[in-house]
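[1] sequence plus the predicted model coming up.
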Amino acid sequence: MTPLTQLSEEEALFQSSVRRFARDQTFRVGVQIIEGRIKPEVAGAAFAAIAQCVVAGLLARLAQELAASAGIVAGGGFCVVAMGKVGGREMTASSDLDLIFVYDAPAEIESSNGAKPLPVPVYYARLAKRLIDALTVPTAQGTLYEVDMRLRPSGNKGPAAVSLESFSRYHAGEAWTWERLALTRARVIAGPEKLKHEVEAAIGRALAKEPNPRKLLQDCRDMREKLARQFAAKSKWDLKFAPGGLVDIEFCAQYLELLHGWEVPDTLQPDTVMAIECLSAHGFLDSSDAADLLNAARLQHALLQVLRIAAAAPFESSDVSEGMKALLARAGGADDFDGLEAGLGDAQSRARGVFEKLLPLKNELSFPLSRE
């Protein structure tokens, strides 16, 4: 993308206005979190809505810019699939965007129809690159978001934008278990309605595939252990990777979604809390286990929202002001910080117990799982 200083006055104004909008709206949500006026799940959805609005607005404008020189792909379309925290509507003020770009065009159309035509794959790859640049380029108003594209088919080695056919084929037969777990959080956030529905249908078909329970269990446990080695938690305040933290809870939900979602599609929910509630409602998760997971998820989401706004990372509870302690205690529904730490430890312990029940290290199948 052209640096902001080299854009036309009109385009520079547009880019600046988008950044001001995102910054101002993020600030407003942050203030409401600090003041305790909104719940964490509302905050996560609000941050995701801001990101979705930004992506959709930029995409429309950038598509117009590209069409001015390269024309359009007749009958074609381009959409953005959100994964991770934005897909699950669990964003914080500092979350990056996990995105996949999918396009489609009639088989007989080989290139765009402008004065400087481009082959269809190149056209949409260029549109994808422009969108990534618009989201990430530093300006006087700062950056918008960091963008992570590793969840696209074939990871960083794959093209920036993939065709609907390639996307469907890959997830129908070539995707690894970790990619199918990630796909449970996929949500289409921008693009023409027809293509959005087609991509959503492709995602649904991929998740409707009956799993091999033995392989699914082994893969999930192996992946969690790999993460534990790679991102070893130093304390309970590593809310993502601590035993019983958010990653454990997400593994529980996503494992059960893949195990049962092919039978009951209603359990396939990108929101972790909603997925747990649906799995429990359909009898795929014990009600007491669901309650433990939900309590731990809600508590840690609430604390994470505050930490991402008001604390430096990594967070050390031994070196924190009384004001921060009071803020966190209020966010966690505790009388004081000592009570919050005790409650957090108990919630994590209970969630880890559910994780060990669902994804046991040693079980009747005697999986040869590695440990360090």
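    Here it is on my side, so go on. Residues are numbered from 1 along each chain as shown.

[2] and the strands in the stretch 1-150 of the chain?
    With strands called from DSSP state E, counting those that start in this stretch, the stretch 1-150 of the chain shows them at 77-83, 97-104, 147-148.

[3] now these in a markdown table, with mean neighbour count?
    (C-beta placed from N, C-alpha, C; glycine too.) Converted to a markdown table, the strands of the stretch 1-150 of the chain look like this (neighbours: other C-beta atoms under 10 Å):
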| stretch | mean neighbour count |
| --- | --- |
| strand 77-83 | 24 |
| strand 97-104 | 26 |
| strand 147-148 | 16 |
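
[4] got these as CSV, with distance to A125 columns?
    As requested, the strands of the stretch 1-150 of the chain are exported to CSV (distance: least, C-beta to C-beta, whole Å):
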stretch, distance to A125
strand 77-83, 10
strand 97-104, 9
strand 147-148, 15
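
[5] and the ones you listed: which comes nearest C278?
    For these, the distance to C278 is smallest for strand 77-83, at 19.4 Å, taking C-beta to C-beta.

[6] just give the strands next to that closest one in its sheet, each with its orientation.
    Paired strands of strand 77-83, with direction, are strand 97-104 (antiparallel), strand 187-190 (antiparallel) (DSSP bridges).

[7] please convert the ones you listed to JSON lines, extending it with mean pLDDT and distance to A297.
    Shown next, in JSON lines, are the strands paired with strand 77-83 (pLDDT from 0 to 100; distance: least, C-beta to C-beta, whole Å):
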{"stretch": "strand 97-104", "mean pLDDT": "97", "distance to A297": "19"}
{"stretch": "strand 187-190", "mean pLDDT": "97", "distance to A297": "18"}
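
[8] want to throw those into JSON lines with distance to L294?
    Shown next, in JSON lines, are those (distance: least, C-beta to C-beta, whole Å):
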{"stretch": "strand 97-104", "distance to L294": "24"}
{"stretch": "strand 187-190", "distance to L294": "21"}
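
[9] which one of the ones you listed lies nearest to R23?
    strand 97-104 (15.6 Å).

[10] chain center to the closest one: distance?
    Computed by C-alpha atoms, centre = their mean, to the nearest Å, the chain-centroid distance of strand 97-104 equals 12 Å.

[11] stretch 255-266 now?
    In terms of C-alpha atoms, centre = their mean, the gap separating the centre of stretch 255-266 from the centre of its chain is 19 Å.

[12] same question, stretch 134-153
    Mean-position distance between stretch 134-153 and its chain equals 14 Å (C-alpha atoms, centre = their mean).

[13] give the buried residues for that stretch.
    134-135, 144-145, 147, 149, 151-153 (16 or more other C-beta atoms under 10 Å).

[14] which residues are contacting it?
    1, 3-4, 15-16, 18-20, 22-23, 51, 54-55, 58, 62, 83-84, 95-101, 132, 156, 158-160, 162, 166-167, 170-171, 174-175, 179, 182 (C-beta atoms under 8 Å, 6 or more residues apart in numbering).

[15] of those residues, keep whichever come out buried.
    Among the contacts of stretch 134-153, the ones that count as buried by 16+ other C-beta under 10 Å are 1, 4, 15, 18-19, 22, 51, 54-55, 58, 62, 83-84, 95-101, 132, 159-160, 162, 166-167, 170-171, 175, 179, 182.

[16] can you show me the CA trace of stretch 211-221 as PDB?
    Provided in PDB are the C-alpha atoms of stretch 211-221 (Å, rounded to 0.1, in the frame of the first residue of the first chain):
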ATOM      1  CA  PRO A 211     -14.300 -37.500  13.200                       C
ATOM      2  CA  ASN A 212     -12.200 -40.400  14.200                       C
ATOM      3  CA  PRO A 213     -12.700 -40.100  18.000                       C
ATOM      4  CA  ARG A 214      -9.400 -41.800  18.800                       C
ATOM      5  CA  LYS A 215      -7.300 -39.500  16.500                       C
ATOM      6  CA  LEU A 216      -9.200 -36.400  17.600                       C
ATOM      7  CA  LEU A 217      -8.500 -37.100  21.200                       C
ATOM      8  CA  GLN A 218      -4.900 -37.800  20.700                       C
ATOM      9  CA  ASP A 219      -4.300 -34.800  18.400                       C
ATOM     10  CA  CYS A 220      -6.000 -32.400  20.900                       C
ATOM     11  CA  ARG A 221      -4.000 -33.600  23.800                       C
END
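
[17] report the buried residues of it.
    By neighbour count with 16+ other C-beta under 10 Å, stretch 211-221 contains the buried residues 211, 216-221.

[18] what about those residues, which are in helices?
    Among those, the members falling in helices (DSSP state H) are 216-221.

[19] next, count neighbours for G36.
    Counted with other C-beta atoms under 10 Å, the neighbours of G36 add up to 12.
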